[in-house]
Structure formats: C-alpha cells, structure tokens
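Q: pasted the sequence and its predicted model underneath.
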2 protein chains.
Amino acid sequence: MSERVVPAADRRRRRPTKQGVVLSEELIVETALRLIEEHGTEALSVRRLGRALGADPSSLYRYFRHTDDLMLAVADELIGRTLRTWRPSGDWLADLRDLGLRVHAGALAHPRAAVLSSYRVTGRVYEIQAVEAILGVLRGAGFPDVEAVRIYHAYVDQALAFGALDSANTALPQPAREAEAAVWQATYARLPADTHPHIAATARHLVATMRHSSYPAALDLLLSAAAARLAEIRAAGEG
Amino acid sequence: MSERVVPAADRRRRRPTKQGVVLSEELIVETALRLIEEHGTEALSVRRLGRALGADPSSLYRYFRHTDDLMLAVADELIGRTLRTWRPSGDWLADLRDLGLRVHAGALAHPRAAVLSSYRVTGRVYEIQAVEAILGVLRGAGFPDVEAVRIYHAYVDQALAFGALDSANTALPQPAREAEAAVWQATYARLPADTHPHIAATARHLVATMRHSSYPAALDLLLSAAAARLAEIRAAGEG
DNA sequence: CTTAACAGGTCAACGGTGTTGTCATAAGGT
DNA sequence: ACCTTATGACAACACCGTTGACCTGTTAAG
C-alpha cells in the first residue's frame, strides 16, 4: 500500500491536468481561500475545488489526506497572513487590541478554516511566532511571568473563540442567517413588559446591538481589566 | 400546497411508525441529544436520527422544516437544562460568575451539542428566559440600559464561545488530544532562549497553564472590568 | 356506528457530498 | 531509449438533506 500523498519535498514530476493546470500545495490552498472568499463557506467542497482548479477532485488526495488536512493548511496560511500585517507600535494595550481585531477579522474572512483552527495547537512556525510576540508585549509591559501567561492564555483563547463563534454564524446558509436577524425584531422586540420587563425595557438596544459581533466589547473589557491589574502590580512594586 | 409541518399544538392523531414508535417533538429532540452525546456530531443526520427513532427519515419533516430547525430545538433544550440548575443569590457579580461557569460546564458535559448550538439564536422559550434573567441581574445591579445590553452581549457570547472552544477540544479523537498536549512539552518547552526569549522564560508556566481551560480567567477579567465600570457609573451618578 | 377528511406515516428519487480502488500515461533519471 | 513511478483521471460507493407522491389509520362530525 504505497502512500497516496507524497511529501511536498519529494515532488518532481509536475504533470499538468487535462485542463493544463500544474497543481501544487500552494495553488490548492490559495484557490481554497479564494473560493471561500468569493462564494462563501458552502462553496468549498472537494468537488468544487477540483472544478475551480481545473482538475479531477480525486487529484487533490495526492496532496492532502483528508479535507481536514487541507483546512489546517489553509488555517496556517491564515495565521501567517494575519501576523504579517501586524505592526506593533510599542504601546502594549493598543498593540494587543489591534492584533485581537486583526485575528478576528481574519477569522471572519475564512470561516471554515477559523472554526477548525480555533481549538487546535499546531506548533507550527507562525503559531510560535505569535506566542512569542504576545508574551513579549505582556512581559515588556511589566506583567510578571505568571500573570503574563494567564493573560496571554485568556487573550488568545478569547480571540480564537470569538473568531470561531462569529465565523460559524456568518457561515450559516443565507436563509438561516436572515431568520436569525429577524428573531430579534420579530420575537424579542415584541415581548410584553409585564412578562418580560427587562427585555421590553431594552428592546431597542438589543435589536441594535445583537446584530454586530460582541468581540470588540469583550476585548476591551478584557484588556481594561488587564490594565487595571497592571496598575495594581506597579503600585505594589513601589511599596 | 398544504404545510408539511403542523404546529405542535394542533397535533391530534398520534399514529405510530411501522416499528411502533409514537413520534413527538420532545422525543425527537431527546433522541438527537442522545445521539450527539453517544456518537459525536457527525453521527447526527436526518437518516441516522430516523433510524435511531425507528421511523422513516422523511417523517421528521412533519416536525421540523429543516435540520436547522431541529438543531435550534436541541440548542434550546440545552439552555433550559442549564438554566434550571441556577439559583441566583442577589449578588450580581457572584450570580453572573456562577451562571457563566454553569453554562461552560454544561457545554463540556454535552460537547458535541454545545458546538452546534453556540452560534445560534433560537428565539425559543428557554433562551428568552435566560436573556430576561441576565438582563435583570445587570439592570438590578445599576447598569444603565445601553451598558447592560453591551455587557450582556459580551458576557453571553464569551460563555458560549469558550464553551464551544473547550468542547471542540475535548471532543477531539483521543490520539489527536494527546498529540496536542504533547506539543507544549515537546515543542514550546524546548525552544532556545536566544531565539524565543519570552517563551523560554515562561515555559514552565505555559506548560502548566495551557492544559486547563482559560475560561475562568477570562470570565473574571470580563466581570472585574464590568465591576470597575459600574463603580465609575455610580460615582458619576452621585456627582 | 359510519364515514369522510386529512395528519402523519412511507417510499422513491434527485442532486449533492467525501473518499477510494484502479487504471493510464507522461515525466525524469539512468 | 527505456523503465519506474508519480500523478492525474475515472468510476463507483456510501452517505447526505430534501421533496413529491402515495397510502392508511385516527378522529371528529353526522
């Protein structure tokens, strides 16, 4: 049973497909990303990807063992792209806020990859770079090691978790998405004040707020708590 | 074109299936939950569910218009179960902390269902109860409406997002889970200090911290930021 | 007690999916 | 120029959600 997938390094024979395309891991990953962007999550299937590439679907199994493998490769590329656009300024709070929003935006742009990668540790280069960078920002700001690690963990997981959450939501089929939006208007905004006083009192704000991601708000809350903690630490350090 | 789905209230004719099972919305939802728990997310399909119930798959379309409708019903049942175990004490901070941990624990107890339900708005009874209760706690504590809604949104999404994240991770196949745990020991803990100073300096803490959920830490950060905000609001109110 | 309406079950089919066993052939080292 | 084999193509498999047509037992009305 010879392996179906050949390691990228051993590839020599660049034979074109019937339609004249020369496949490669990079080309496949890029095309997958483009497909998701242009036609949404549900547009990404092995068969469609094959069609978009001008190749038989089964050819892709020469490059990835499962769709899962493909998605992880896509995710890795995504991390790399996000990290490359980040320009830390030296202001730890602003930098972490900026990076958080970038990670979240990157996740939204590629829902399927984001959901898959959110709960996995890859141990690959870009991930390691990100860990080192974030820890550097926190320790540079003056957080002691234990605190830096604790906040790093909460910060990263929150960015990934919200990224996945909001991704999954935007990846819903169109009718389901519209139905969700309608629920706040049609159901919550119409509950009577005598049975549901708190919802009724805030209905206007609920309808306006719930249609957007709560990640920016959650991020600001987390970071402001971290800043408060840092102030405490500094005060204690001077005593 | 007569509607395929008849509202639950109008159901009269309880005709058993060939295999002698009397279907109902409740029975279907319970069976779906059980299926997900026992055999994982991928085990839940209309066809398998039909088989597990002892009914033709197409029968389910007499109760739910799409799979999506079914998933919303499952999600709401989960919310209901969690909410029923919560006993608010009147201390807003403690109550929200307690509820958050319960939601998270509930998600971990039903890993596969939690992932599916985390990003949906059901608009069903239990969800409405939860929204009303949480908004009540926040407004009762003294948050003005806009602020209460903003914090409600971040708080709820955080609980659901971390629930889904940690669920997805625990739901990984055993070998994959072990491989993940090993990455911190095998990869991160061995990075040299000259190329990755921050990781090297905190490696001990990383290995210890990353194996647990960061949700409790993230929840505490969010709530402490909310408490700080409330203090500000109260101070301004007295001025 | 009969009967007609129809809720609610079944069946078959459609077009989609991921994946694999097998075959064909052109690329590339010798 | 030849042989190996990497790599593409094809066909098939087993699944998926969903729908239209059909059939039948339950139930409410007469």
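A: Done, it's in. Owing to the predicted nature of the structure, the values given are computational and were not obtained by experimental measurement. Residues are numbered from 1 along each chain as shown, chains lettered A, B, ... in the order given.
Q: stretch A:38-45 near DNA strand D anywhere?
A: No - contact of stretch A:38-45 with DNA strand D (Cβ under 7 Å from any atom of the strand) is absent, the minimum separation being 11.8 Å. In this view, the C-beta of every residue, glycine as well, is placed from N, C-alpha and C.
Q: I meant stretch A:14-33, not that one.
A: Yes - using Cβ under 7 Å from any atom of the strand, stretch A:14-33 comes into contact with DNA strand D via A:14-19, A:22-23.
Q: around DNA strand C, which positions in chain A sit nearby?
A: Residues of chain A lying near DNA strand C (Cβ under 7 Å from any atom of the strand): A:12-16, A:44-48, A:57-58, A:61, A:65-68.
Q: and the host helix or strand of A:Thr82, what's buried?
A: A:Thr82 belongs to helix A:67-84 when assigned by DSSP states H and E. Across helix A:67-84, burial judged by 16 or more other Cβ atoms under 10 Å in any protein chain shown covers A:67, A:70-79, A:82-83.
Q: and which of these is nearest B:Pro144?
A: A:Thr82 (35.8 Å; Cβ to Cβ).
Q: what is the neighbour count of the residue lying closest to A:Ile134 once chain neighbours are set aside?
A: Nearest residue to A:Ile134, sequence neighbours excluded (Cβ to Cβ, 6 or more residues apart in numbering or on different chains): A:Tyr152, at 5.5 Å. Residues contacting A:Tyr152 under the criterion other Cβ atoms under 10 Å in any protein chain shown number 25.
Q: how near is A:Met210 to A:Tyr188?
A: 8 Å (Cβ to Cβ, to the nearest Å).
Q: you'd agree A:Cys79 is up against A:Arg120?
A: Slight slip there: residue A:79 is Ile, not Cys. No - with contacts defined as Cβ atoms under 8 Å, A:Ile79 does not count as touching A:Arg120, sitting 11.2 Å away.
Q: buried residues, the least confident helix or strand in chain A by mean pLDDT. List them.
A: Least confident helix or strand, chain A: helix A:174-186 with a mean of 82, by mean pLDDT, DSSP states H and E. By 16+ other Cβ under 10 Å, the buried positions in helix A:174-186 come out as A:176, A:179-180, A:183-184.
Q: what's the answer for stretch A:53-66, then?
A: A:53, A:55, A:59-61, A:63-64.
Q: quick one: which of those residues sit in strands?
A: Using DSSP state E, no member of those sits in strands.
Q: pick the one among the residues you listed closest to chain B.
A: When the buried residues of stretch A:53-66 are compared for distance to chain B (Cβ to the nearest Cβ), A:Phe64 wins out at 16.4 Å.
Q: before we move on, back to that, I'd like to know which of the buried residues of stretch A:53-66 is nearest to B:Asp220.
A: Proximity of the buried residues of stretch A:53-66 to B:Asp220 was ranked by Cβ to Cβ; the top entry is A:Phe64 with 40.7 Å.
Q: ok, now which ones touch the closest one?
A: By Cβ atoms under 8 Å, 6 or more residues apart in numbering or on different chains, the contact set of A:Phe64 is A:5, A:25, A:28, A:70, A:73.
Q: where does pLDDT dip in chain A?
A: A:1-2, A:9, A:12-13, A:239 (pLDDT under 70).
Q: any idea which element the residue nearest the centre of it lies in?
A: Central residue of chain A (Cα atoms, centre = their mean): A:Ala107, 2.7 Å from the mean position. Using DSSP H and E, A:Ala107 sits within helix A:92-109.
Q: what is the orientation angle of that helix with helix A:67-84?
A: If you take axes from the mean of the first three to the mean of the last three Cα atoms, to 10 degrees, helix A:92-109 sits at 150 degrees to helix A:67-84.
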